[in-house]
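Chemist: sequence-free structure coming up:
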């Protein structure tokens, strides 16, 4: 697991899982350029046509999809809500929900990793999706062996989440706490 320090010098992160610091969004630039996997080319500045001399983005040569904000900014990934564990082995722990698709599982590859509960599948126990256009959160059943419940109702189709919904995954119960919605959105000015 190659750990690198971000350009800001504040954080360490796994460069196999992230192309930039997941905490402060800073590139992992060292003395000799971008540090990353051996043999990996450095990202190249890309001009998207706005100003012929200005680099306004980074082109990643690894083919990974870049997240785009509601106002068109690339590599934008703010928190949009939380899950708070209110029952089970991780009681008291919180999990950030980000825009788009949030896979839930025990694996470190899961965007929302819930550890300590072997009744939760390693990968794809469930998904929470945030739609910034509609400011809606959706809970979808995954490929886990065990069932998922929202407010004690078995999830058989996508469920639109509401503030303070209780979600049961394996032996774990989490409380849904949205940040974005009718009153706030990261796309709002100011």
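Modeler: Alright, I've got the coordinates. Since this is a predicted model, take the numbers as computed values, not measurements.

Chemist: which parts of stretch 91-109 are buried?
Modeler: 95, 97, 98, 99, 100, 102, 103, 104, 105, 106, 107 (16 or more other CB atoms under 10 Å). Every residue, glycine included, has its C-beta placed from N, CA and C.

Chemist: ok, the fourth one to residue 81 distance?
Modeler: Relative to residue 81, residue 99 is positioned 10 Å away (CB to CB, to the nearest Å).

Chemist: which neighbours do these two share?
Modeler: Taking CB atoms under 8 Å, 6 or more residues apart in numbering as the criterion, residue 99 and residue 81 both touch residue 130.

Chemist: output the below-cut-off pLDDT ranges for this protein.
Modeler: Counting by pLDDT under 70, the chain has low-confidence residues at 1, 25-76, 188-190.

Chemist: farthest-apart pair in the buried residues of stretch 91-109, please.
Modeler: 99 and 106 (22.9 Å; CB to CB).

Chemist: distance of the residue found closest to residue 123 once you drop the neighbours it is linked to in the chain from residue 142?
Modeler: What sits nearest to residue 123 in space, not counting adjacent residues and going by CB to CB, 6 or more residues apart in numbering, is residue 105, at 4.7 Å. Distance, residue 105 to residue 142, using CB to CB: 8 Å.

Chemist: now do the shared contacts for the two.
Modeler: Common contacts of residue 105 and residue 142 (CB under 8 Å, 6+ apart): 121, 124, 125.

Chemist: just the ones of these in strands?
Modeler: Judged by DSSP state E, the subset of those located in strands is empty.

Chemist: which one of these sits closest to residue 21?
Modeler: Distances from residue 21 to the shared contacts of residue 105 and residue 142, taken by CB to CB, are shortest for residue 124, at 26.2 Å.
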